[in-house]
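A.B. asks: sequence? don't have it. structure:
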């Protein structure tokens, strides 16, 4: 079955369907990771997006039941140069094509992903439709132009859990109790905190500060998630009410929400940061880390209030990658310290968060 990707600029990419039949739409983005496609597929931060992988072969080690980052895939579509039909790995349980079909994800292989990536880098992120149907090209282009922008969508209720739950077992009541505000949580963030000895409770992203305080948290984590941070008014309000009362850690979207809550601003990147090899300089430790990233918005450095210090910076484009507010015991990072996929250079940030908790407010 043939499949087409049609972008709002009129460009079309023809390939072969490797997922479910039908038509899907979203913001088209690219990811430069060489591995970790299963984690990419199940990262809620890709909600409302069609993801193109730049690595030429995807799916060579198959799909297993252990490496999912959420309860289901949230992306709208998936693109690869080639999808492996015969994976080889002792943990493999199915092919990536089977997984995409089972989860009703429209996907395509066989297109020139280099040309697509170049187009997105030159023009910026574009809206598009991925289809296996015979809809006329001009009609698809017009539909793509009329699609809502990602800043017009509120996505938290689509990706967040509906009710609180305890993540993991085995920690005693004396262990630090961490509440994670689920804005589109990658489970590896919760697992990483649990592995440091914390009790971890995940709550819906629409929870108020009062509802969070009922759990008597020793620390609060604002998770990653999809979309424009300015649409997360409830989470912004939570930070404003709890700043200085509970140590706070923000990751990715949570980092941006913290900046907005404390008086800063955010902006949309031209084509985003999505990959597992982004260099970041730690301005406090004077070290460079290789990081895993997935975001389309960034914090405006010039808008930061005096009490909110930039602690880390991208070596690719100079954007803000980390912040801290010492008095209120707030730290935040734009990238993913839990990796999955990616290097573990920055896992120490979870320890810094625990040090803030142990020091008390």
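C.D. replies: Perfect, thanks for sending it. Not measured: the values here are computed from a predicted model.
A.B. asks: would you point out which residue is most central in this structure?
C.D. replies: Centroid-nearest residue in the chain, with CA atoms, centre = their mean: residue 45, separated by 3.4 Å.
A.B. asks: surely that residue meets residue 293?
C.D. replies: No. In this structure residue 45 lies outside contact range of residue 293 using CB atoms under 8 Å: 10.2 Å. Every C-beta, even on glycine, is put in place using the N, C-alpha and C of the backbone.
A.B. asks: tell me how far the residue nearest to the centre of the chain lies from residue 236.
C.D. replies: For residue 45, the distance to residue 236 (CB to CB, to the nearest Å) stands at 18 Å.
A.B. asks: would you map the helices across the stretch 1-150 of the chain?
C.D. replies: For the stretch 1-150 of the chain, the helices defined by DSSP state H, counting those that start in this stretch occupy 37-41, 96-102, 113-123, 137-145.
A.B. asks: and the longest one, what does it pack against?
C.D. replies: Applying 3 or more CB pairs under 8 Å, 6 or more residues apart in numbering; DSSP states H and E, we find helix 113-123 packed against strand 23-31, strand 49-53, strand 77-80, strand 266-282.
A.B. asks: between it and strand 49-53, how many degrees?
C.D. replies: 120 degrees (axes from the mean of the first three to the mean of the last three CA atoms, to 10 degrees).
A.B. asks: for helix 113-123, what is the average pLDDT?
C.D. replies: The pLDDT scores in helix 113-123 average 98.
A.B. asks: and what of stretch 232-246?
C.D. replies: pLDDT averaged over stretch 232-246 gives 97.
A.B. asks: so which bits of it are buried?
C.D. replies: Buried residues in stretch 232-246, counted by 16 or more other CB atoms under 10 Å: 232, 234, 235, 236, 238, 239, 241, 242, 243, 246.
A.B. asks: ok, back up a step: show me what contacts the residue nearest to the centre of the chain?
C.D. replies: Applying CB atoms under 8 Å, 6 or more residues apart in numbering, we find residue 45 in contact with 184, 186, 224, 225, 226, 252, 253, 294, 295.
A.B. asks: skipping its backbone neighbours, what lies nearest residue 31 in space?
C.D. replies: The shortest distance from residue 31 to any non-neighbouring residue, by CB to CB, 6 or more residues apart in numbering, is to residue 274 (4.3 Å).
A.B. asks: give me the spatial nearest neighbour of residue 196, chain neighbours excluded.
C.D. replies: residue 350 (5.5 Å).
A.B. asks: average model confidence for the helix or strand hosting the one you found?
C.D. replies: Per DSSP states H and E, residue 350 falls inside helix 348-358. In this model, helix 348-358 carries a mean pLDDT of 90.
A.B. asks: name the helices or strands packed onto that helix?
C.D. replies: Contacting helix 348-358 under the criterion 3+ CB pairs under 8 Å, 6+ apart are the following elements: strand 219-222, strand 248-251, strand 330-333.
A.B. asks: if you set the cut-off to 7 Å instead, what comes out?
C.D. replies: Contact here means 3 or more CB pairs under 7 Å, 6 or more residues apart in numbering; DSSP states H and E; on that basis helix 348-358 packs against strand 330-333.
A.B. asks: what pairs with the strand it packs on, parallel or antiparallel?
C.D. replies: Looking at strand 330-333 with DSSP bridges, its paired strands and their directions are strand 248-251 (parallel), strand 320-325 (antiparallel).
A.B. asks: and those, which is most packed in?
C.D. replies: Each of the strands paired with strand 330-333 was scored by mean neighbour count; the highest is strand 248-251, a mean of 28, by mean count of other CB atoms under 10 Å.
A.B. asks: let me know the next secondary structure element after it.
C.D. replies: helix 253-261.
A.B. asks: relative to the whole chain's centre, how far out is that next one?
C.D. replies: Its chain's C-alpha centre and that of helix 253-261 lie 14 Å apart, by CA atoms, centre = their mean, to the nearest Å.
A.B. asks: stretch 61-80 too?
C.D. replies: Put simply, stretch 61-80 sits 13 Å off its chain's centre (CA atoms, centre = their mean).
A.B. asks: in it, which residues are buried?
C.D. replies: In terms of neighbour count (16+ other CB under 10 Å), stretch 61-80 has its buried residues at 61-63, 67-70, 73-80.
A.B. asks: again, but for stretch 181-199
C.D. replies: Across stretch 181-199, burial judged by 16+ other CB under 10 Å covers 181-194, 196, 198-199.
A.B. asks: can you pull the contacts of residue 9?
C.D. replies: Applying CB atoms under 7 Å, 6 or more residues apart in numbering, we find residue 9 in contact with 123, 126.
A.B. asks: can you pull the contacts of the nearest residue to residue 89 once chain neighbours are set aside?
C.D. replies: Spatial nearest neighbour of residue 89, chain neighbours left out: residue 61 (3.9 Å); criterion: CB to CB, 6+ apart. If you count contacts by CB under 7 Å, 6+ apart, residue 61 has them with 87, 88, 89, 92.
A.B. asks: give the contact list for the first one.
C.D. replies: In this case it means residue 87. Taking CB under 7 Å, 6+ apart, we find residue 87 in contact with 59, 60, 61, 62, 95.
A.B. asks: show me where pLDDT drops low in this protein?
C.D. replies: Along the chain, the parts satisfying pLDDT under 70 run over 341-342, 360-361.
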